[in-house]
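A.B. asks: Starting from these lines, generate the structure:
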Amino acid sequence: MFTRVKKLKTRKTVHEYLQIVESYREEGKPKQRVIGTLGRLDRLLERGKLDGLIKSLAKFSRTLQVIQGVKEGEIAAEWARDWGEVLVFEKLWQKLGLKQMCRSFGEGRKIRFDIERAAFASVLQRIEKPGSDLACTRWLQDVYGSGFSRLCLQHLYRAMDIVADHKEEVERELFWQGRDLFDYGLDLIFFDTTSVYFEGEGVEGFCERGFSRDHRPENKQLVIGVLMSRRGYPISCEFWPGNTTDKKTLIGAITALRDRFKLGRIILVCDRGMVSVENLLELEEAGLEYIVGIPLRRYVDVRDEVVLDQSPFKEIADNLQVKEVLHGGLRYIVCYNPHEAERDRKQRESMVEKLKEILSSKGPKALVGNRGYQRFLKMDRRGTTINEKKIASEARFDGTYVLLTNTHLATEEIATSYKNLWQVERAFSDLKSVLKVRPVFHRQKRRIKGHIFCNFLALYLKIALQKTLEANKLSLPWDELLGDLRAIKAVKLRLTDADASYILRTDFRGSAHKVFQAVGVKPPPTLQAFKDQKM
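C.D. replies: Numbering: from 1, shown residues only. Presented below is the predicted three-dimensional model:
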């Protein structure tokens, strides 16, 4: 039913009457009939009868009763909690099959808590408000999610242990979900490592002191390797003692991956830090193909012959030129980025200017121990001066990098594949800065793996959301996106004169509604009855 204004003409004027009309169907055709006429609209408005009538009818509508109660102070707001990010990431969690997988981990076990809820809570906290597991229990009091309030710290710990036990199973299921049938048997695998440090002694033989990328050499650490697919999704994360070098992690990680996922052909893409003659020989003996960066200053023949090869470059993008150079029976791809070349030139000129300033004001003693500056200095019996010859030599490498490969891929595809290595670098950046995997406080090997793997799953969800938004042509800064989702609150309202409670959803802000549409989340109604979820 609805209201309608009916106009009736007289000789002198036109009067408007307010009617209540009902729609119905007769023999499949839509029709309308007047239920009643309330009177002339102008008279109803003048005498205030319409307001009284509406207020009287509102008593028979719970929704309008709540709205009216808010205005008149008859309703108490008990709490307001974050809701938007829970709805979006839980939808992705379900789409990826993680909800069902985690539920299956509890089958046949005498466990009195919901493993799936505890696992999702741990993963979501890494995205929304990274912190310790103890901080997670406090954070759960500020979010509106089914079953969250039933969780305590021990539930989070046990869930991490159980998820760690099923790590390979989860990785396998996520990998096969994202596979393209046309790519079966062939994969570009991006690989890189990082480290995370521990507060405390950690686990003997598992947490060791080694080269610290976090500049915390006094702390024991763990080396983490992440392998990513060409689509930018993480495939697997592996763990090694903190004193393991990058070169020792490579072969084992790749061959294990090939066996686990039954891949026929792998093309490994990794950075120059992974390169050694022994590694490349082992890769070839294992039947693996590779695209690796070459440290220019370490290999003289590459620096003096491959880089200086006079064959012309081919432009494949406005910021990338490539050429193939065969040297010593090996295939090299020389890449030149004019934008990077300009940046390198400016950085070097700035460094040299600062170097001259220090030499003139403080003398050469002020540069002792600074390796970055020392390479541009020349020291002899006459004193310390700027090495102009070295500066000119360094200019040859501006914007240039060299790749070594044993594949038969086209030159352009090789260069583009290596360029996409930034995806794994960004993943590590996210793990450390956005999701804050470090430091680690746990002292059990199983729980350490569970803690890191929860961060891995959080990274997967983050990337899945970004890929979904890209597919829908939405480009949003991560902090802005989370802020818009966090603005969607669930407010619990309680009627003071009745035993009834409701959940009020706050309005959408910014890009939130578009994100809901892209992910496939149906927005909750503005007002709904509160269902006791032990919130």
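A.B. asks: Now do the domain split for the chain, please.
C.D. replies: Following automatic domain parsing, one finds the domains of the chain at 2-60, 340-395, 479-529.
A.B. asks: Just put these in a markdown table and tack on distance to His166 and mean pLDDT.
C.D. replies: (C-beta placed from N, C-alpha, C; glycine too.) Below are the domains of the chain laid out as a markdown table (distance: least, C-beta to C-beta, whole Å; pLDDT from 0 to 100):
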| stretch | distance to His166 | mean pLDDT |
| --- | --- | --- |
| domain 2-60 | 53 | 81 |
| domain 340-395 | 43 | 79 |
| domain 479-529 | 25 | 90 |
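A.B. asks: Deepest-packed of those domains, please.
C.D. replies: Stretch with highest mean neighbour count among the domains of the chain: domain 479-529 (a mean of 16; mean count of other C-beta atoms under 10 Å).
A.B. asks: now the domains of the chain as CSV including distance to Ile448?
C.D. replies: Shown next, in CSV, are the domains of the chain (distance: least, C-beta to C-beta, whole Å):
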stretch, distance to Ile448
domain 2-60, 58
domain 340-395, 35
domain 479-529, 27
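A.B. asks: can I assume Glu78 sits in a strand?
C.D. replies: Yes. Secondary structure of Glu78 (DSSP: H, G, I helix; E, B strand; the rest coil): part of a strand.
A.B. asks: now it: how far from Ser501?
C.D. replies: Applying C-beta to C-beta, to the nearest Å, the value for Glu78 to Ser501 is 8 Å.
A.B. asks: How about Ser360?
C.D. replies: 75 Å.
A.B. asks: quick one: low-confidence ranges for the stretch 151-300 of the chain?
C.D. replies: Scanning the stretch 151-300 of the chain with the threshold set as pLDDT under 70 gives 178-187, 200-206, 210, 212-214, 245-250, 273-275.
A.B. asks: now the helices for it?
C.D. replies: Under the criterion DSSP state H, counting those that start in this stretch, the stretch 151-300 of the chain carries helices at the ranges 153-165, 167-177, 246-261, 277-285, 300-301.
A.B. asks: Pick the most buried one from those helices.
C.D. replies: On a mean-neighbour basis (criterion: mean count of other C-beta under 10 Å), the most buried of the helices of the stretch 151-300 of the chain is helix 153-165, at a mean of 19.
A.B. asks: so it versus helix 167-177, what angle?
C.D. replies: 70 degrees (axes from the mean of the first three to the mean of the last three C-alpha atoms, to 10 degrees).
A.B. asks: coming back round to it: go through the domains of the chain and name the closest to Arg109.
C.D. replies: Closest approach to Arg109 among these is made by domain 479-529 (31.1 Å; C-beta to C-beta).
A.B. asks: chain center to the closest one: distance?
C.D. replies: Relative to the centre of its chain, domain 479-529 is centred 23 Å away, using C-alpha atoms, centre = their mean, to the nearest Å.
A.B. asks: end-to-end on that domain?
C.D. replies: 32 Å (C-alpha to C-alpha, to the nearest Å).
A.B. asks: With stretch 411-429 instead?
C.D. replies: End-to-end distance (C-alpha to C-alpha), stretch 411-429: 29 Å.
A.B. asks: does the closest residue to Lys31 other than its chain neighbours sit in a helix or strand, and which one?
C.D. replies: Counting by C-beta to C-beta, 6 or more residues apart in numbering, Lys31 lies nearest to Tyr24, which is 5.8 Å off, once chain neighbours are set aside. Applying DSSP states H and E as the criterion places Tyr24 in strand 14-26.
A.B. asks: Same check on Val34?
C.D. replies: Assigned by DSSP H and E, Val34 falls in strand 29-40.
A.B. asks: which helices and strands does the helix or strand just after that strand pack with?
C.D. replies: For strand 29-40, the following helix or strand on the C-terminal side (DSSP H and E) is helix 41-47. If contacts are counted by 3 or more C-beta pairs under 8 Å, 6 or more residues apart in numbering; DSSP states H and E, helix 41-47 sits against strand 14-26.
A.B. asks: Next, Cys340: phi, psi?
C.D. replies: Just so we're on the same page, residue 340 is Glu rather than Cys. When read as degrees, to the nearest 10, the backbone of Glu340 gives phi -70, psi -40.
A.B. asks: Excluding chain neighbours, what is closest to it?
C.D. replies: Gly399 is the one closest to Glu340 (C-beta to C-beta, 6+ apart), at 4.0 Å.
A.B. asks: do the same with Lys462
C.D. replies: Nearest non-adjacent residue to Lys462, counting by C-beta to C-beta, 6+ apart: Ile127, 6.1 Å away.
A.B. asks: With Gln125 instead?
C.D. replies: Per C-beta to C-beta, 6+ apart, closest to Gln125 is Cys136, 4.5 Å.
A.B. asks: which helix of this protein spans the most residues?
C.D. replies: Taking DSSP state H as the criterion, the chain has its longest helix at helix 445-471.
A.B. asks: Could you list the buried residues of it?
C.D. replies: 445, 447-466, 468-469 (16 or more other C-beta atoms under 10 Å).
A.B. asks: That one vs helix 153-165, what angle?
C.D. replies: Counting by the same axes, to 10 degrees, helix 445-471 points 80 degrees away from the direction of helix 153-165.
A.B. asks: Rounded mean pLDDT for helix 445-471, please.
C.D. replies: On average, the pLDDT along helix 445-471 is 89.
A.B. asks: Just after it, pick out the following helix or strand.
C.D. replies: Following helix 445-471 toward the C-terminus (DSSP H and E): helix 478-486.
A.B. asks: Contacts for that following helix next, please.
C.D. replies: With contacts defined as C-beta atoms under 8 Å, 6 or more residues apart in numbering, helix 478-486 is touched by 82, 84-85, 88, 127-128, 434, 462, 465-466, 469, 508-512, 515.
A.B. asks: chain center to that helix, what's the gap?
C.D. replies: 12 Å.
A.B. asks: Offset the numbering so it begins at 346, please.
C.D. replies: Okay, residue one is now 346; in that scheme the one you just asked about reads as helix 823-831.
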